[in-house]
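Engineer: after the sequence you'll find the predicted model.
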Amino acid sequence: MTLPLLLIAGAAPAQDDPPTAIEEIVVTGTRSTIQGSIEAKRLSHSVIEALSVDDIGDIPALSIGEALETLTSSASHREQGGATEISIRGMGPFLGSTVINGRTATNGSGDRSVNFSQFPSELFNKIQIYKTQEASLIEGAVSGQIHLDTLKPLEYNKRRLQIGFKSSNHPDNSDIRSNERDWGTRPTISYIDQFETDGLGDIGLSLGFQKRLSTNPEQEFRTTSGWRDCRNDPNNTSGGVFRTSSGNCDGGSGDLRMEVDAATGVAPDEGVPFIFVPSSRSYRQNITDDDRESFFGALQWRPEERVDINFDVQISDRTFSEVRNDLVFAEQRRIIPGLTDVSLLADSSGTVHLFETEGRIETLSTFQERIEEYAGGGLSIGFQATDRLHLSLDASYSDTFRREDIIHTRLQSEPIDIFGNSTPARTDRPFTSIAISGTGSDIPLVTVENFDVNNHDLFADNARTRIDLNQLRDNKITAVRGDFELETDWSAIFSLQGGVRYSELEYKQWPRVRDERTFPDSAIAGASQACRNDVFPERGFLSEPRNGKNLITNVDSSGNVIEQGTGSTYATFDPLCLVREFVGGDVPPIPSRGPTVSNVDVDEETWAAYLQANYEGTLIGKPVRGNFGLRLVNTDVKSTGLRTTFTTQTNPDGTIVVLEDGSNFFSVSGGSSYTELLPSANLVMSLQEDVLLRAGIFRGLSRPDPSDMGFGRSLSVDDSGDPMSIQDLVGNASANGNPDLEPLTSWNFDLALEWYPNRDTMVAVGAYYKRFLGGFENAQRVEEFTIDGQPFFADVTVSRTDTHESTLYGFELTAAHSFSYLPGLWKGLGAKLSLNVADSDFEFEDGIFGEALVLDESGNVVSQRVGIVPPADLFGFSDTVMSAQLYYQIGDFDFQVIYKYRSEYFQQFISTPGNIRYIDDNNVLEARITYQIADGISMRIEGINLLDEPRTQYNPTPSNLAEVNSYGPRLFAGIRAKF
């Protein structure tokens, strides 16, 4: 009614009606953020989701990852309890891309995702996800492209100093020893200003800095990541579960032979029962410290009206350290005839539910430190050449360096304790029973015989210290692009855009380098007594997932429970103290990197050119707008690997062993080159003033991760059969990548109907369909190595791109509404719902247990390997993703609660990407309360993971439990002032 009233008032004589004051309603907080998101989506020419605020620091989330999770179809992978990598529409990070201020960003994981926990949400003011592609956007986003934008100071056009301080507390910290408890701190300061000069034009400056100190307590049940298959066939007693002598079940003929026999057409062990076993199962207690510093800066200069120069930089440094205390039940593949085979409980999928053996028990005391440094930024110059032609040039740089050091010491069980006294078990391999399911606990429970895991004195054997340079990676992207935009009067086409972009990605990865030292048993007593923790570092360890059960039950030989050693604690030690005591001085330095056959050195050069037309007109009497265009992309990949030669050494009995020559490396190179045409078109039709029909079609590509394109090979030769010559040897090689991997291409179709009845309300229903040409298959091929100067052929399994077609389709819903029309206090209510449901027939085979082709040395298919596990779907694929927000905003009070759900998905390992790992469904609850104390001053209380949801993972099948991580809730309180 406001507009008609204003028109009537304007038509009336001024002397009869005095001016009427009009009340302006200013919307702030959560409601304002949702309004901004609705408006950004409505005005876009493409299918997007957005989170936009006027001021930096106003994004209602603790990190960029948490903020992205509130956008429709977006879900995160969690590490240390927080959101990290983002999947869009059920597709993993490698099918998407991220740009910061329009430029690609790197990470330290070796893939193409971005670790969003590295960037503070307080220093951004706009987040968008483009779900359909435009020709002007950088290629590489089949699922979606995430845009993170920092503020431009001249556009902001006002001075602002903002100071914030946030403190964090994790309730689980109260269970840790008092000297280890820490309150987290998170001070943030930002400053924005503009300066008018007499001769230099207008200058804008934006600076932001944050230092974050926090702890991330974590409790774990875990297994080794490498699993083995063991035959569970009572008719075969030479190996497997029913072997007649003690030993590993996969030893000898214990593992399955699944390569198809050419003579029979079937695999020798097809249909044979089997189980999956890890090397060990363990509990882990963590004490962590996280120190992050972030700096964002922008300088904007307009020397004259036609020229706009922007320089921006983002720097983030993180040091993450962890003290780990592990209780390890080793030798989980060890079979004891008459015990393991009789008690074993397993199902047809190979999942073990009860496993009994006699194996060593270990303590593992670890100090880990990870350093991650990010530096990015760029320089852009815009020039208004004519009234209609705008030119721009942009140069950018992004580099992430990651280094991880690990120092750990192992102590094992022994028949005698550290003082030489006989132990109650009188063996170094006590009886151990692992109940993995059926106990009422969500994690396995252990029964041991006559072994008190809390007694430090019992860990008296095989002292070993490893000092590892565990990870060293450098990921760098440099790019330059030139663009133009020409305003036209070509009927409905109002502008034409075009440009050229060049980028170079340089990825280097060095494998683990280890300094391993062993110590005599006589040295253990002194170190043990000097470095032991008299009290277990944490109360209530794993209390949530174990549901009140005891982790360890100690029994005597008759099965009677022994109170001492029964519970949920175990012996722990100070890891750095142990090393100093054993070496008799300071902790030795971390070893330096060096050349190995596992090095990864990838260089990827890309040229791209595009042309895009933007249009606005009418179609069948309805207003339409949008764009269409074509992007041409050429990519050259060069991967350099190292090889070495091998020699044989003859033993006195005439048998030979194979030795690797670590000093005689030579380089080999491989790679690929491809050119792709990527057309795209977007259309928005106004069916009514408040109803939009949106459609998009594009051809997209997603490149393989750089870490998957290594060209290293390591040769493993089986010389256990007493070989007398090279011809008697059997070899297998492991590959750390395939430089010939090609991109995954797809045709993508989107259709959506959107209703915008007012600024606070939106209902958007969309459907999408994606048809992929190409997937990934395992190929076992023969490659040549050199032993004593002679050619030696070994099998190596690599992942390669195939020509198989697969599809993905989905449905998404976004609904938002404010109940501001309700009477009284009810008018403060509002809600937003985001839902994505998808299905896919994509198949990813496990690199060890899945199907594979068998190739000869010429690359011809000669056979195939039969899989024993079902294939996974797309990396990161969840069939259901949902977030629901409810907020209440009245006066100076703003309350928001967010529920997030993500169904099970396949999460690749970075170091072994061919191994399948599933992450279970997760439900996350977050809440925040904001109170405006005075003009420009507010306080906020926030909590994440309030349901104490653990992260549970399975591999290589969806039912085979591999790891449970319990993080606990995280609480934050802070104050912010704007001047």
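Structural biologist: Ah, there it is.
Engineer: where does this protein dip in pLDDT?
Structural biologist: Residues of the chain meeting the criterion pLDDT under 70: 1-27, 54-60, 80-81, 173-175, 177-182, 716-732, 857-859, 910-911, 913.
Engineer: at 50 what do you get?
Structural biologist: 1-24 (pLDDT under 50).
Engineer: ok, residues contacting the biggest helix by length in it?
Structural biologist: Ranked by residue count, the top helix of the chain under DSSP state H comes out as helix 29-43. With C-beta atoms under 8 Å, 6 or more residues apart in numbering as the test, helix 29-43 has contacts from 27, 48-54, 58-60, 71, 128, 692, 754, 756, 759-762, 764, 814, 816, 818, 820, 830, 832, 885, 887, 889, 894, 896, 930. C-betas here are computed from N, CA, C, even on glycine.
Engineer: what do you get for stretch 243-259?
Structural biologist: 228-231, 236-241, 267-270, 272, 274-275, 277, 331, 333-337, 340, 358, 780, 854, 863-868.
Engineer: of those, buried ones?
Structural biologist: Buried members of those, scored by 16 or more other C-beta atoms under 10 Å, are 228-231, 236, 239-241, 267, 269, 272, 274-275, 277, 331, 333-336, 340, 358, 780, 854, 863-868.
Engineer: narrow the contacts of stretch 243-259 to those in helices?
Structural biologist: Those of the contacts of stretch 243-259 lying in helices (DSSP H): Thr340.
Engineer: all helices of this protein, in order?
Structural biologist: Per DSSP H, the chain carries helices over the ranges 2-11, 29-43, 64-68, 153-156, 340-343, 524-531, 543-546, 575-583.
Engineer: most packed of those?
Structural biologist: Stretch with highest mean neighbour count among the helices of the chain: helix 64-68 (a mean of 24; mean count of other C-beta atoms under 10 Å).
Engineer: list the helices and strands that helix packs on?
Structural biologist: Applying 3 or more C-beta pairs under 8 Å, 6 or more residues apart in numbering; DSSP states H and E, one finds that helix 64-68 contacts strand 74-79, strand 82-88, strand 126-130.
Engineer: go again with 10 Å.
Structural biologist: Applying 3 or more C-beta pairs under 10 Å, 6 or more residues apart in numbering; DSSP states H and E, one finds that helix 64-68 contacts strand 48-52, strand 74-79, strand 82-88, strand 126-130, strand 144-149.
Engineer: which elements pack onto the longest one?
Structural biologist: Spelled out, that is strand 82-88. The helices and strands touching strand 82-88, judged by 3+ C-beta pairs under 10 Å, 6+ apart, are helix 64-68, strand 74-79, strand 96-100, strand 126-130, strand 144-149.
Engineer: strands of the stretch 451-600 of the chain, start to end?
Structural biologist: Here the stretch 451-600 of the chain has its strands, by DSSP state E, counting those that start in this stretch, at 459-490, 493-510, 513-519, 552-555, 561-567, 600-619.
Engineer: which secondary structure elements does the last one contact?
Structural biologist: Contact analysis of strand 600-619 by 3+ C-beta pairs under 10 Å, 6+ apart lists strand 459-490, strand 493-510, strand 622-650, strand 656-688, strand 709-718, strand 730-737 as its packing neighbours.
Engineer: next up, the contacts around Ser316.
Structural biologist: Contact partners of Ser316, counting by C-beta atoms under 10 Å, 6 or more residues apart in numbering, are 115, 118-120, 123, 210, 292-296, 372-376, 400.
Engineer: what's around the closest residue to Arg103 other than its chain neighbours, how many residues?
Structural biologist: Closest residue to Arg103 apart from its sequence neighbours, by C-beta to C-beta, 6 or more residues apart in numbering: Ser396 at 4.0 Å. A count of neighbours around Ser396, defined by other C-beta atoms under 10 Å, yields 23.
Engineer: next: Gly265.
Structural biologist: 8.
Engineer: list the residues that contact Ala530.
Structural biologist: Ala530 is in contact with 573-574, 577-578, 580-581, counting by C-beta under 10 Å, 6+ apart.
Engineer: change it to 8 Å
Structural biologist: 577, 581.
Engineer: measure it to Ile524 for me?
Structural biologist: Using C-beta to C-beta, to the nearest Å, Ala530 is found at 11 Å from Ile524.
Engineer: again, but for Thr640
Structural biologist: Here the criterion is C-beta to C-beta. By it, Thr640 lies 45 Å from Ile524.
Engineer: what's the answer for His170, then?
Structural biologist: His170 sits at a distance of 35 Å from Ile524 (criterion: C-beta to C-beta).
Engineer: neighbours around the residue nearest to Ser282 when sequence neighbours are not counted, how many?
Structural biologist: Leaving aside its chain neighbours, Ser282 sits nearest to Val328 (4.2 Å; criterion: C-beta to C-beta, 6+ apart). Neighbour count for Val328, taken as other C-beta under 10 Å: 23.
Engineer: who's Val328 bridged to?
Structural biologist: In this structure, Val328 bridges to Ser282, Glu362 when assessed by DSSP bridges.
Engineer: one more: Thr185?
Structural biologist: Under the criterion used (DSSP bridges), Thr185 bridges to Ser167, Leu213.
Engineer: from what I can see it touches Ser167, true?
Structural biologist: Yes. Using C-beta atoms under 8 Å, Thr185 is in contact with Ser167, at 5.8 Å.
Engineer: so who does the nearest residue to Phe849 once chain neighbours are set aside touch?
Structural biologist: In space, and not counting its chain neighbours, Phe849 is closest to Val869: 4.4 Å by C-beta to C-beta, 6+ apart. By C-beta under 8 Å, 6+ apart, the contact list for Val869 reads 350, 846, 849-850, 916, 956-957.
Engineer: Phe875 too?
Structural biologist: Phe875 is in contact with 92-95, 844, 906-908, counting by C-beta under 8 Å, 6+ apart.
Engineer: now do Val583
Structural biologist: The contact partners of Val583, taken as C-beta under 8 Å, 6+ apart, are 465, 517.
Engineer: do Gln908 as well
Structural biologist: With contact taken as C-beta under 8 Å, 6+ apart, Gln908 is in contact with 92, 875, 915, 917.
Engineer: what distance do you get for the last one to Pro956?
Structural biologist: For Arg917, the distance to Pro956 under the criterion C-beta to C-beta works out to 8 Å.
Engineer: out of the helices of the chain, flag the one nearest Ser321.
Structural biologist: Taking C-beta to C-beta, helix 575-583 is the member of these nearest to Ser321, at 10.9 Å.
Engineer: name the residues contacting each of Arg917 and Pro956.
Structural biologist: Counting by C-beta under 8 Å, 6+ apart, Arg917 and Pro956 have no contacts in common.
Engineer: mind listing what Leu693 touches?
Structural biologist: Listed by C-beta under 8 Å, 6+ apart, the contact set of Leu693 reads 684-685, 687, 751-754.
Engineer: mind checking how far the closest residue to it other than its chain neighbours is from Val862?
Structural biologist: Spatial nearest neighbour of Leu693, excluding adjacent residues (C-beta to C-beta, 6+ apart): Met685 at 4.4 Å. Shown here: Met685 relative to Val862, a distance of 55 Å by C-beta to C-beta.
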